[in-house]
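# Give me coordinates for this.
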Amino acid sequence: MPVLIAGGPKARNERDVLEMVRGAMDAGASGIAMGRKIWQSPDPAGMIRALAAIIRQGASVDEAAGLLDRAPAPAG
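Reported below is the predicted structural model:
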C-alpha cells in the first residue's frame, strides 16, 4: 500500500522541508501531499523541482537544494 506524507509541522526554511521529505522517502514513503510548504516558498517552481528530484530520482538534500533559485527573477 502506498504511503504519502502530508506537509507536516511548520518548517523554519526550505531545507527543513527537503530534509523531512528525504527522511520520509528513506523510511519507505511513496510520495508527498503538500501545498502550503510549496506555495509559501520564495521559489515555488524550484521547490517543486527539488521535491520531485528527491522523490523521483532519489536526490540528496544538497542536490535538491541546488535546484532552488535563491533570488527572485527580475520583473519585466
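# what about residue 69, how many residues close to it?
Residues lying near residue 69 (other C-beta atoms under 10 Å) number 13. From N, CA and C alone the C-beta is placed, and that goes for glycine too.
# Could you look up the SS state of it?
Assigned by DSSP: H, G, I helix; E, B strand; the rest coil, the conformation of residue 69 is coil.
# Can you tell me what sits against the worst-scoring helix or strand of the chain on mean pLDDT?
Comparing helices and strands within the chain by mean pLDDT, DSSP states H and E singles out strand 4-6 as the least confident, with a mean of 87. With C-beta atoms under 8 Å, 6 or more residues apart in numbering as the test, strand 4-6 has contacts from 20-21, 24, 29-34.
# And stretch 34-49, what's buried?
34, 37-38, 41, 43, 46-47, 49 (16 or more other C-beta atoms under 10 Å).
# Give me the below-cutoff pLDDT ranges for this structure.
Counting by pLDDT under 70, the low-confidence segments of the chain come to 70-76.
# Find the residue at the geometric middle of it.
residue 51 (3.5 Å; C-alpha atoms, centre = their mean).
# Could you say which helix or strand holds that residue?
helix 44-57 (DSSP states H and E).
# got the CA positions of the next helix or strand after that helix in PDB?
Going down the chain from helix 44-57, the next helix or strand is helix 61-65, by DSSP H and E. Coordinates of each C-alpha in helix 61-65 appear next as PDB, following Å, rounded to 0.1, in the frame of the first residue of the first chain:
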ATOM      1  CA  VAL A  61      19.100  17.100   0.200                       C
ATOM      2  CA  ASP A  62      22.100  19.000  -1.100                       C
ATOM      3  CA  GLU A  63      21.400  18.100  -4.700                       C
ATOM      4  CA  ALA A  64      17.700  19.100  -4.300                       C
ATOM      5  CA  ALA A  65      18.600  22.300  -2.600                       C
END
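# Grab the nearest non-local neighbour of the residue nearest to the centre of the chain.
residue 21 (5.9 Å; C-beta to C-beta, 6 or more residues apart in numbering).
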